[in-house]
Structure formats: C-alpha cells, structure tokens
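[1] no sequence on this one, just coordinates:
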C-alpha cells in the first residue's frame, strides 16, 4: 500500500541532464509490509474460495500482525514511513493536484489512498476476527465474544467489504499505471527502495532496525493474544 | 432432563415435513437411496435437508460458544448435541437421486451421486461421532465434549470439503 505516487525524477526534466544517483526512498520494513500485504490479500481471497478457510484465518492473523507493525512503524520508522510525514490536510491535496508539491514519500493524494487502504484492511480484519462460517465449522478467534447472530452478520459484511478493498487496490494500481504512462516508474522503487530524486530533495532518513524489531514483536504479541481468544484467553482453535 | 433434547430433536425431525424420511436405524445404510425422486417429493426432501443442515450449523455455533466458555450452559449443549445426532441420522435419507442441482437450488454437489460409497462412509463417520457426542452430552461430560468438539465438526468438514458447493443455497 506504500507504492503510491512520489516525486522522483520526471521524464519532462530535460534540462537536468547530469546523471543522478538513486537514493533511498522506502525502507526495507515498508517494502516488506507492502509486498506481504499484497501476497496475503491474494492468498486470503484464494484460500477462502478453495475450502481452505483455516489457511484464510491464519492469513488474516498474519495481516493483523502486519497492520499493527505498520501502525507502530508509522510513528517510529523512517521518515517516509511516518504517518506525520504524509498525512496532510485537503489544502495539501489541492496544492498537489495543481502541481505544487515536491518531496519524497507518499504524495498528499497518495497518502489519502494509503490511509484508506490501511483503514479498510483494519475493518476487514476486525470483521474476520469475530466471524464464523455459515456451517459453524470455522470460527474467527474472537467469534466467541459475540452472539451467533452478530458473528453471522459480520461474516456477510466481511464478504461485502472485500469489494471495498478491491476497489481501493484497483485505484492504487490505476494510479501506478497513470504515473507510468507519464514516465514515472513507481514499482521499481517499492522493490529496490531507491529512486533518483529531484536535485535538492531530502532523501529518506532511515529508521533504526531494532525499533523495527520492537514494532514487530508488539505486532506478533498482540496477534498471539487475539489468537488465544483475547481478554481472558479463550480456547480458540481454527476449526 | 433427557426428555427436553429428545423432544426438541423429534420436533426438528417432524418439522422436516411429511415427505422427509423416516429415521435411519443403522449407520451403514447407503447415503443415496436407490429410488430416484422427483417433483414435490424432491422439493420436500431438499427443504428438509436444507433446514436440517442449517439447524446443525446453528448447533455447532452454539456448541462452540458453550464449550469454549468456562461455564457452559449444559442444557444448551444437550439440545445441540441431540439435534446434531437426530439430523445426522435423518441425513441418510436426505440425498436420494434426483435431489441434486438438477432439481433446484442446492449446495449439494453432483459428486455426491458419483461417489455414493465414499459419501456413505463419510456420513457414517459423522453419525458415529454425533452418537458419541450426544452420549457424552447426556452424561454431562464436559471434558469429553470439549475434547471431541473438533472431531465432530471435522466430520462435517470432511464431507463439506468435497460435496458442498460454495454458493449459498
């Protein structure tokens, strides 16, 4: 979800002919989270449609870990990973649309998309946790905390909500294609972490690796707690 | 207090409708009855099947909540176990030829009638575990019930993986 528009060397900058070196724009945790999310969302979709609901639930738990990690890394990570660096008001979005924005990381408009995808995934995981399947065979780790009726409704909503996520993903990919057509390659930096920057643009200030480990440990810990059935530790098993 | 669950179970069976099927007495009987049914009879069996399956699904959800709690409502557990037991027995007559997708909207896959032996074995397994589970419920044996909950739902799953269509019915 981080692969959104950022300011990198544009095709129209004919005058800046001197070769420039690619500089860091996305740190490793951001890239890993991005691609793991993409893979796990695809896997979640596939598994639930192929009688592997147990895998689907584990995949959702993994996504929960990633979301918690990414939330925390957004406060303690590299400059381009931080919420404060890219969550902006409408004025910034308008300025960006008028071409008056310069920097690295998510553009103000891209940031709206990032936040929307993050929130949509959080809602989806929350619904999944309290869901149970139609046949009563599979139960989300927290389904025991709500009534059968609520759990069944959550499952139906969980299925519908996927369309919201799908729409956001399509928008995300469409934006990448749009930028690509305008000569800006956004996918490669999300793989290599580097891009050629405009002269005078501040490169990414990297976060600390041990902070990333702490964020990950918290993500795993909270997920483990949820898997256990939350508050008083239930006795949840995936089927 | 044995009467309550049994009565509930019987009501569930009776509610399945006139065309549905007397209760099977053995776990060995073939799942797919030899005679092909059609028309109103097929529709009635499919309705009974759907209601019975839905009822068992609700039972599993109830069991999941009760048996995961430290203080299970054993009367609820007994009712659910009785209902699963009765319906698993009734299921012997839920799948005569002519009640597949060709007869109307159903989650029952055509594979059921292509693999009658396998289907019967899987149903027999469910009936076996449902019987044991029901006995443990009558004995108020919460430990055994908790230990066997996954085995029971696993028997449902074994069949559903292969023979239940994903679509809503």
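    That came in fine, so what should we check first? Note that the coordinates shown come from a computational prediction; the quantities given were computed from them, not determined experimentally.
[2] Report how many residues lie close to the closest residue to chain B within chain A.
    Closest contact between chain A and chain B, by CB to the nearest CB, is at residue A:136 (3.0 Å). Quick note: C-beta positions are derived from backbone N, CA and C, even for glycine. Number of residues near residue A:136 (other CB atoms under 10 Å in any protein chain shown) recorded here: 24.
[3] what about the residue nearest to it when sequence neighbours are not counted, distance to residue A:103?
    Excluding the flanking residues, the one nearest residue A:136 by CB to CB, 6 or more residues apart in numbering or on different chains is residue B:60, at 3.0 Å. Distance, residue B:60 to residue A:103, by CB to CB, to the nearest Å: 54 Å.
[4] Give me the more crowded residue out of these two.
    It is residue B:60, of residue B:60 and residue A:103, that has more neighbours when counted by other CB under 10 Å, with 23 against 18.
[5] The more buried one contacts residue A:133, correct?
    No - using CB atoms under 8 Å, residue B:60 is not in contact with residue A:133, being 9.6 Å away.
[6] Go through the helix or strand of chain A with the lowest mean pLDDT and flag the buried ones.
    Across the helices and strands of chain A, mean confidence by mean pLDDT, DSSP states H and E is lowest for helix A:90-97: a mean of 85. For helix A:90-97, a neighbour-count test (16 or more other CB atoms under 10 Å in any protein chain shown) marks A:92-93, A:96 as buried.
[7] Show me what it packs onto, helices and strands only.
    With contacts taken as 3 or more CB pairs under 8 Å, 6 or more residues apart in numbering or on different chains; DSSP states H and E, helix A:90-97 sits against helix A:108-129.
[8] how about the residues of chain B near chain A?
    Residues of chain B lying close to chain A by CB under 8 Å from any CB of the partner chain are B:53, B:56-65, B:68-69, B:146, B:150, B:153-154, B:156-157, B:160-161, B:164, B:166, B:168.
[9] Which ChimeraX command selects the buried ones in those residues?
    For the buried members of the residues of chain B next to chain A, the matching ChimeraX selection, counting by 16+ other CB under 10 Å, is:
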select /B:53,56,57,58,59,60,61,62,63,64,65,68,146,153,156,157,160,164
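[10] quick one: which of the residues of chain B next to chain A sit in helices?
    B:53, B:56-65, B:68, B:146, B:150, B:153-154, B:156-157, B:160-161 (DSSP state H).
[11] Report the contact partners of whichever residue of chain B sits closest to chain A.
    Residue of chain B nearest chain A, by CB to the nearest CB: residue B:60 (3.0 Å). The contact partners of residue B:60, by CB atoms under 8 Å, 6 or more residues apart in numbering or on different chains, come to A:135-137, B:80, B:84, B:152-153, B:156.
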